[in-house]
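Trainee: Sequence and predicted structure are below.
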Amino acid sequence: MSQNPSVSLIVRTKDRPKLLKDALRSIAGQVYRPIEVVLVNDGGCDLDISEIKNILGDVSLIYIRLGKNTGRANAGNAGIEHARGDYIGFLDDDDDLCPDHVSTLIGFLNQSEYKVVYSDAFFVFKEYDTEACEFKGRRKELAFSRDFDYDLLVFENYIPFMCLLFSRDVFLDLHGLDVTLDLYEDWDALIRIGEKYPFHHIKRTTAYYNQWSSDFQISQDNRNQKYLEQSYMRVISKHLDKITPERIRRYMSRHVYTRNLVKEKESLVVNLSAEIERKDAALRESNSRKDMLSSEIRELQALLHESNALIHAMRDTLGWRVLERYRRLRNRILSTPSARRVKDSLFAKGLSVFKNQGFKATLRKANKKLLFNKSVKRASIPIEIPPPPSYVVQETEGNPLLSRVSVLIPTKNAGEEFDYVLRKITQQEGIGEIELIIVDSGSEDSTVKIAREYTDNVFQIASGDFHHAGTRNFAAEKASGEFLVFTVQDAVPVSTQWLFKLLSPIHQGKASAVSARQIPRSDADLFSCWSYWSHNIKYLGCDHDSLSNNSLFDDFDALDLQSKRSLAKLDSVSLGIRKAVFDEYKYISEYAEDFDLGIRLIHDNHTLLFQSSNAVIHSHNRPALYFLKRSYTDTTALWNLLHMKRRANPPDAILEALSFAYSGLKICLSPLLQEDWRMRNPSDAVSTVIDCLAHRIHGIHAIAQPPEGDQMVDEFFKPIPPVYHKKMISEFYTEVQAVSRSFADFTSRYSSVHEIETDLVQSIYKLFCLTAGHYLAANSVDQVHSLQRGV
Amino acid sequence: MRILIGVHQFFPRHYTGTERYVLNLSKQLQKMGHYVKVLTYAFRDEDNFQKFHKTDLLYKEYSFEGVPVIALQHASHPDDLTFVFDFLDPVIYEGTKKIFETEKFDLYHCAHPLRIASAMQAARDCGVKVVFMVTDYFMMCPMGIMLRSDNTLCDGPDEGKNCLKYCFTNVTRERMEKRILDAHALLDCCDCLLSPSLFLISLFNYVGFIPEAKFLLSRHGFDYRTKKKYFSRKPGEVITFGYIGTVQYHKGVHIMIDGFKKAKNRNIHLEIWGGCFHEVDYQKTVLKMAGKDARINFRGSYNFNTIETILESVDVVIVPSIWYENAPLTISTSLAYGIPVITSDIGGMSEVIKDGWNGLTFRVGDSADLAEKITFLAENPERIAEFKRNIQYPIRIEEEAFHTESIFARLLHRG
């Protein structure tokens, strides 16, 4: 296909020349070229073609005039027949397109194998302005914006027809729009096309779907409810074979969900109204308190100023200067306290005791005092040291956040350290009020008891009901703060300023959501530190504060996975967001729920901030087998989320190859462990193991009795026979090599294997498992259930 | 970042607080992905040293708990390596310059300049940023604790005159002046100075050690890996006060015993944990002071590994030091376990303990004032629980490393 494929936009019109001109103007305003307009006049009034050509400018025009009104389908077919473009789209004469509509859609089609793509449209509710004598958009909202789902499409016409762009050959298979249908002919076409070709959804709004307040619809019958129902039934009847019991079940469950959602929204509106009222009152109160405190501060500052002036004046007096010199001189001549002064004071004290208590008492006390002084003298009075310079005292930068902040923590068996974490959170500075919301999913230790010492907002759910997204959404529903902060039970804020730093940019309007980085705990093992370093610093580039939003790139969807992740790097371990914004989006995805939220926020022009200058301490030391399972489930979830294609190899064969590769790893490691490996530097040691895997292992085609490796991984591979699948093993080793190079680079920070030997060997097994999980998920579409348990 | 951390002595032979600070910081920075090496000085009794690049310097490299170390020593041993800084020692200067040139460090972080002071100038001359963590008063006080030999608090060296008069009567004036001049030069060659307490910064300003670079506060972190137990002791009928530390004069044990004896309450106990170090006479004196008061127990030396068991048995810890303690480990350990502290109202002690909030402070050296505070708690034991609630746990070693890394990044215009 040529670099700039041509696009035909079919416009059907009847008797609405004024609206038509607006629609054509929106086509002329497209940034993409070449475009042609196929204008089909469906038996309507005459049109001023020269004026239309003027409007269209360099957009070519094909004008078809039908003698009488033949209906939408027939008009559409006439348009399709005359269209010459590589791609075909539709626009009704009363709707408009955004300038980037065609370029957005074709940008995707041009680089993918999809044949149909669609974007989103705004519903614009237009009302007649009697003063200006014209229609004006009163309100707009996003229409549908749902990803392609054929099961839903057979029940609902949920994709506005003008949002779609089709490859020309799609219509060759279609054999035209169904002329027996007066209405929903577009939906019928989509059902037929969708059966063969999947659609791709770009979550960007590129069109306006106008809704008119009076008689401006292309067909008067549109407003007849009964007619609408009949038309709907006609399409449904036509495609009855596609409505299977399973599809009905799925559709109904979605319906019930929607109904519940509406109910929920309604109750939310009521709650929010009450909340707004409460907030207003609180704001009024805070303002008056702020005024009071400000005046108090001013008074105190004036007092301080006055006192300072007084001190300066006092120090400037001759008397003070003389006294100061005298003191300095005295201190130099007589040590502090001088023997003479001590003797003088002792004599005075002795005299007073003698006067009041008599000679015997004086003698007894003097004896005691002298004995004590032999070895233990009294400490001298300290010098008065002025406070440090003001720049040293660390204070909260900017004004404190007077709002209420809800910190949401899902818990399960958090252990005794949870008390420490909660204390750290509740002692955060610069925040008006901190509300803790704890959702515990079946802890068997003291977690709930500890949590209740800090808050009454402790909610308990059954262990099986935990859901990464759902549980956090539940916590957010229970929260009453203006800001929400998501964290986890074992993440420790790095200072008392963590919360303030996290929320200040949101409060100041610089970002919609903010995440801080994670740093490893002091007891983190080598592998855990490498994972943190390679993922956060090397992969995501988190070594500096970074803002990301939609304006930084042309098409977010066209970016590769790494770019997407580094742009949408929100992290549930430390994430701040306004409650109002979160309530609109919520968490959806079971895995990578934070990344998914980041993507959706970026799509809707929100700005995200990742802070490297703020952090929580958070890391885990896990066994090697954990990484096999985790990497498998994570890769599967992430690739599903991003609709990335996976190969369709049988999982059993891959597992056999991995079993062989694992035995190979153990064979490569065992002689090294007995040789001079301890004397080497870790980076060389890792490279040696990897070289052995890459070169020597292919010589061994059958492994009889491999040595022992990691106990849990040994158990996992025990029932799987090691089989030499050459291609898979080569591919897998290439992946292991790539990951290991990064690991070897990290270990160059250590000078000898000797002190980190156990950690290093364990790390190599973990590297293997991490890569194995990823390889398995990327190369097989079938589920491996044993790997989905226990993460 | 590529960071070289300098310290006058290091593990495995030396293991006081400064060495522990360097080890913890190095390991944590490594974990955070930085390339870290330690530069230190080792004495002649250690072997395997080699000649360094035809210079008059010997060196060896080794690794301690995964941290790479470069140890230096003079081929011909100088007379004194414990008193002066020898800021312009050509042997150390040339050797360390070579290290900076070959290993391409971004930053030199000095934790103690003794014996290797010239490394700072070498770093500076190689365009490497220099940061200095001033952990104690050694720069201005060769005694290190600002307490004169007559046991009075010192108010500064006064260009060395006070040192010669009160503490170093046998040192020549020239030597003392050189020490002071070197200390000033050393501070002036830093790009940034760090202090674990505000008090130390104040003291430097007060005695006229005002370097060109700014001081920044960087509190020491507590190593929570040692904390295995979590307990919440509620005071019973008897309130147990604890002293944990060496029984030495400047630690103020005599003030504590005097104060405790003045408090006449019967529901209080004092447990004293710690050996006398070298001050046997002093120990005898305080034992005599305690006399037959059954409420006072001397428990003798303790192992730091048993600190949890000790802290589990006390309600309040007393730190009665009569010198300007800077960032005492006993206070941070007590707070890390949620135990309130009564301490003297000077130095870095009163900076951490706020009177009536997370503990109590008393006038330094004033046993009567201490007695009042002890009596107050004996009569109002419910205040102990309140103090416990208000305790802010000391920062962790990870937090300390994070703050230090932020300061480094700012200096190098990164982050």
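Mentor: Sure thing, it's come through.

Trainee: In contact with residue A:463, which residues?
Mentor: Residues in contact with residue A:463 (CB atoms under 8 Å, 6 or more residues apart in numbering or on different chains) are A:412, A:441-442. Placement of C-beta: from N, CA and C, glycine included.

Trainee: By neighbour count, which of the residues you listed wins?
Mentor: Ranked by the number of neighbours (other CB atoms under 10 Å in any protein chain shown), the contacts of residue A:463 place residue A:441 first, at 18 neighbours.

Trainee: Now do the same for the residue nearest to it when sequence neighbours are not counted: its pLDDT.
Mentor: Counting by CB to CB, 6 or more residues apart in numbering or on different chains, residue A:441 lies nearest to residue A:466, which is 4.0 Å off, once chain neighbours are set aside. pLDDT, residue A:466: 90.

Trainee: Look at residue A:466 and say how many residues are nearby.
Mentor: The burial count for residue A:466: 16, using other CB under 10 Å.

Trainee: tell me the domain boundaries of chain B?
Mentor: Domain assignment for chain B, taken from automatic domain parsing, gives B:2-221+B:397-411, B:225-390.

Trainee: The first one - what's its average pLDDT?
Mentor: Per-residue confidence for domain B:2-221+B:397-411 averages out to 88 on the pLDDT scale.

Trainee: any low-confidence regions in the stretch 251-400 of chain B?
Mentor: For the stretch 251-400 of chain B, no stretch is flagged by pLDDT under 70.

Trainee: Strands of that one, residue ranges please.
Mentor: B:268-273, B:296-300, B:316-319, B:341-344, B:359-362 (DSSP state E, counting those that start in this stretch).

Trainee: Same list as before, those strands that is, but in JSON lines and with distance to chain A and mean neighbour count included.
Mentor: Listed next are the strands of the stretch 251-400 of chain B as JSON lines, based on distance: least, CB to the nearest CB, whole Å; neighbours: other CB atoms under 10 Å in any protein chain shown:
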{"stretch": "strand B:268-273", "distance to chain A": "15", "mean neighbour count": "21"}
{"stretch": "strand B:296-300", "distance to chain A": "16", "mean neighbour count": "16"}
{"stretch": "strand B:316-319", "distance to chain A": "14", "mean neighbour count": "26"}
{"stretch": "strand B:341-344", "distance to chain A": "9", "mean neighbour count": "27"}
{"stretch": "strand B:359-362", "distance to chain A": "12", "mean neighbour count": "26"}
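
Trainee: Work out the gap between the helix or strand where residue B:102 lies and the centre of the chain.
Mentor: Using DSSP states H and E, residue B:102 sits within helix B:90-103. Offset of helix B:90-103 from its chain centre (CA atoms, centre = their mean, to the nearest Å): 28 Å.

Trainee: now for that helix, which elements pack on it?
Mentor: strand B:2-7, strand B:35-41, strand B:57-64, strand B:67-74, helix B:118-125 (3 or more CB pairs under 8 Å, 6 or more residues apart in numbering or on different chains; DSSP states H and E).

Trainee: For chain A, identify the residue most remote from the centre.
Mentor: residue A:359 (85.1 Å; CA atoms, centre = their mean).

Trainee: phi, psi of that one?
Mentor: Its backbone dihedrals place residue A:359 at phi -70, psi -40, with angles given as degrees, to the nearest 10.

Trainee: Can you tell me how far residue A:308 is from chain B?
Mentor: 18 Å (CB to the nearest CB, to the nearest Å).

Trainee: what about that residue, neighbour count?
Mentor: Neighbours of residue A:308 using other CB under 10 Å come to 10.

Trainee: Name the residues of stretch A:500-511 that are buried.
Mentor: For stretch A:500-511, burial by neighbour count (16 or more other CB atoms under 10 Å in any protein chain shown) applies to A:500-507, A:511.

Trainee: just stretch B:351-364 next, same as before
Mentor: B:351-353, B:358-362, B:364.

Trainee: Tell me which two of those sit farthest apart.
Mentor: B:358 and B:364 (18.7 Å; CB to CB).

Trainee: Contact residues of the stretch 251-400 of chain B facing chain A?
Mentor: Residues of the stretch 251-400 of chain B lying near chain A by CB under 8 Å from any CB of the partner chain: B:252, B:254-255, B:281-282, B:285-286, B:289, B:322, B:324, B:346, B:364-365, B:392-393, B:395-399.

Trainee: does any bit of stretch A:316-326 sit next to chain B?
Mentor: No: judged by CB under 8 Å from any CB, stretch A:316-326 makes no contact with chain B; its nearest approach is 13.4 Å.

Trainee: Let me know how buried the closest residue to residue A:206 other than its chain neighbours is, in neighbour terms.
Mentor: Residue nearest to residue A:206 in three dimensions, not counting chain neighbours: residue A:101, with 3.9 Å by CB to CB, 6+ apart. When counting by other CB under 10 Å, one arrives at 29 neighbours for residue A:101.

Trainee: likewise residue B:383?
Mentor: So residue B:383, with other CB under 10 Å, has 17 neighbours.

Trainee: Do a quick rundown of the helices in the stretch 201-350 of chain A.
Mentor: A:225-238, A:245-316, A:318-333, A:339-357 (DSSP state H, counting those that start in this stretch).
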